[in-house]
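Q: Pasting the sequence and the predicted model now:
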Number of protein chains: 2
Amino acid sequence: MLKHFLVPEKDRVLVSEEKARAGTQAVFEKMGLPADEAASCADVLITSDLRGCESHGISNMLRAYINSYGKADYNPRPEVKTVRESSVTATWDGDRGLGLHLGPRAMELAIEKAREHGMGAVAAKNTAHFGMLAYYVLQAVEQDMIGMAMVSAGGSAALPTFGAEPAFGTQPIAWGAPAAKMPPFVFDIATTQVAANKLSLTRRIGSKIEPGWIANLDGSPIMEAAEVPAQGTYKMLPFGGIRENGGHKGYGFAAIADIMSGILSGNGPGFIADRSYSFFVMAFNIDSFLDVDDFKADMDRLLEKLANTKPAPGHDRVLYAGLPEYEETEIRRKNGIPYHREVVEWFNSMSSELGLGMSMP
Amino acid sequence: MLKHFLVPEKDRVLVSEEKARAGTQAVFEKMGLPADEAASCADVLITSDLRGCESHGISNMLRAYINSYGKADYNPRPEVKTVRESSVTATWDGDRGLGLHLGPRAMELAIEKAREHGMGAVAAKNTAHFGMLAYYVLQAVEQDMIGMAMVSAGGSAALPTFGAEPAFGTQPIAWGAPAAKMPPFVFDIATTQVAANKLSLTRRIGSKIEPGWIANLDGSPIMEAAEVPAQGTYKMLPFGGIRENGGHKGYGFAAIADIMSGILSGNGPGFIADRSYSFFVMAFNIDSFLDVDDFKADMDRLLEKLANTKPAPGHDRVLYAGLPEYEETEIRRKNGIPYHREVVEWFNSMSSELGLGMSMP
């Protein structure tokens, strides 16, 4: 993760995985979810925090979810309807269930179809925030499959290249593949230059944005390092930033996520569906293409090469997607998750308000 | 297309589609391909030139192909072997056939499987240059399907983020989806900042590279506008460029193309497979997820919104992937394809050398 998003040492409070998990599960139960589903939702958030992806963990998301359940925006007991189904595909109506509530089951179905037929995909409409996409592709990776996940998350945040009006949300895309000895390849990105949540983190931490990260309201890119402008005074650029830097490629991937999740699920493109999110998850059964052992051996060759690449001047090492997150998980499992003290304070006050009987650290 | 890649007006020679197509087909026949397969290969190249994607048309590729057939690097009569197959997947050994020779048939098989079961994918190893990926996703789009295509094209061109040694070729990715009234969404990119062929074009045209497009041999990015350095004195950066600009996202997509094409086909990652290319094509049958008419109506809504977005200062209009290529095709079908006069001279001298009895314009 860029240093811009790290909690400064003086503000860190270490909380054990167990405590964070139990507290989070208690919140979801309080919101009305059955215990096993609350545990599953907590697993998505805590896995984010363990992987060092705090933008999608408790810090930003849990309070947002509490707020939305409180306003009855999310349905804690959704009855998912299958709109259409084939041997390898399914379209779901998520009945306003939270994305990370429905996502693990959707990927399970995709995996089941892939195991039987070679590939499986589930598109879901009428759902909400999906959490960290890496979670779902890891479900496939653990079953010796390649996993893919995308989300259409509204349409009021990100500009198309050359545009002054937004068309997309952060429209994230994730992809994962297993290896034998090396930590798996797990790629999970926003198709904007920076995830919305990471701008909140930057603001909380007090660091600056980089040139080409965001644009003014008239669509002109902000090309100097600056404080994060106030919410509502900027728009996001697609990743790559300006056209000359490949921003049109980020723009294209944003459209792909909008098409595969929003349009293919029947939810509509993000700019129309607005706060009704949609997702697309898919599993590729490696064994349908070639021997899993051969695949994993070649993955090791690629990932070992990448991790052992001679670094360019000014850099210590070369990483690949999933490697630092794997290493961070090992550290945080042992030492605890470093939350910002403001987050811990919020959790404790919320816990006492809701009568959860939980406290951190 | 960036102005960097346009043939300057004074150097343009307009050649009719028919003449370019006939000449290209004659070349492939001369190389030993059966007439129908030569016509199919010519269609891939001419479609590139019509779409304004001359980096992947005759100008750069046809002479490269002639050279490789001449050295027996490519097999003009490949016997494709099915290595593994399921209802929705197939793995092919391409028997050293040119990628754009095998690609149309591979996508046809993917489409057939998708029509019957919902999705279809073909991974092919032991093949060569694949031409413009947009061609294959358009095959799916014309059948009311979503198309996807990727290639693993060696491993000696592009650096991983922070790295001083290359691990990937240009590893391109394409995605396409149909609309009702609007030209289809057709996204086709190199996962490097710039396609290798576009650097050749830049050199031929005499324009400059932009900051962050490529790196020195030690991995340090070249951060000023400059002449294209001599072949062998630079390395490619993943799209996005440097880390702060999203280059790690381009790097991740390069790895995905390498995994889906190189590793899943059994060809091996690009850095090992080197000059043996591999590809992955896939079709999603829209009707398996929702009504095709509903899908296309939503596509129109999205694409109309994008094309009608108010532009940012300094820009005339907002585009989407596939729109300018569609417009360019209309123009070039009518007026002819503007080749660089050097290309026309080359074609005529090659034609007389090979006894094709063809000439341009």
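A: Great, that's in hand. Since this is a predicted model, take the numbers as computed values, not measurements.
Q: isn't residue A:16 right up against residue A:336?
A: Yes: counting by Cβ atoms under 8 Å, residue A:16 touches residue A:336, with 4.9 Å between them. All C-beta spots, glycine's among them, are computed from the backbone N, C-alpha and C.
Q: Looking at the two, which is more packed in?
A: Taking other Cβ atoms under 10 Å in any protein chain shown, residue A:16 and residue A:336 do not tie; residue A:336 has more neighbours (19 against 16).
Q: which residues touch the closest residue to the more buried one other than its chain neighbours?
A: Excluding its sequence neighbours, the residue lying closest to residue A:336 (Cβ to Cβ, 6 or more residues apart in numbering or on different chains) is residue A:14, at 3.6 Å. Contact analysis of residue A:14 by Cβ atoms under 8 Å, 6 or more residues apart in numbering or on different chains lists A:335-339, A:361.
Q: Residue A:14 - that's part of a strand, no?
A: Yes: the assignment for residue A:14 is a strand, going by DSSP: H, G, I helix; E, B strand; the rest coil.
Q: so where's chain A shaky on pLDDT?
A: Along chain A, the model assigns pLDDT under 70 to residues A:1-5.
Q: Now for it: which helix has the highest residue count?
A: Ranked by residue count and defined by DSSP state H, the top helix of chain A is helix A:99-117.
Q: which phi and psi does the residue in the stretch 101-250 of chain A positioned nearest to chain B have?
A: Using Cβ to the nearest Cβ, the single residue of the stretch 101-250 of chain A nearest to chain B is residue A:219, 2.8 Å away. Main-chain torsions, residue A:219, degrees, to the nearest 10: phi 90, psi -10.
Q: what's the neighbour count on it?
A: 24.
Q: helix or strand for residue A:69, which one?
A: helix A:63-70 (DSSP states H and E).
Q: Could you export that helix as CSV, keeping only the C-alpha atoms?
A: Extracted in CSV, the C-alpha atoms of helix A:63-70 (Å, rounded to 0.1, in the frame of the first residue of the first chain):
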residue,chain,number,x,y,z
ARG,A,63,-20.1,2.4,10.6
ALA,A,64,-21.4,3.0,7.0
TYR,A,65,-23.2,-0.3,7.1
ILE,A,66,-24.7,0.4,10.6
ASN,A,67,-25.9,3.7,9.2
SER,A,68,-27.5,2.1,6.2
TYR,A,69,-29.1,-0.8,8.1
GLY,A,70,-30.4,1.8,10.5
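Q: Can you name the element that comes right after that helix?
A: Next element after helix A:63-70 (DSSP H and E): strand A:81-85.
Q: what angle sits between that following strand and helix A:99-117?
A: Orientation note: strand A:81-85 sits at an angle of 30 degrees relative to helix A:99-117 (axes from the mean of the first three to the mean of the last three Cα atoms, to 10 degrees).
Q: Only alpha carbons, please: show strand A:81-85 as CSV.
A: This file holds the C-alpha atoms of strand A:81-85, laid out as CSV (Å, rounded to 0.1, in the frame of the first residue of the first chain):
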residue,chain,number,x,y,z
LYS,A,81,-34.4,-14.8,-6.2
THR,A,82,-32.9,-16.6,-9.1
VAL,A,83,-34.0,-14.5,-12.2
ARG,A,84,-32.4,-16.8,-14.8
GLU,A,85,-30.1,-19.8,-14.6
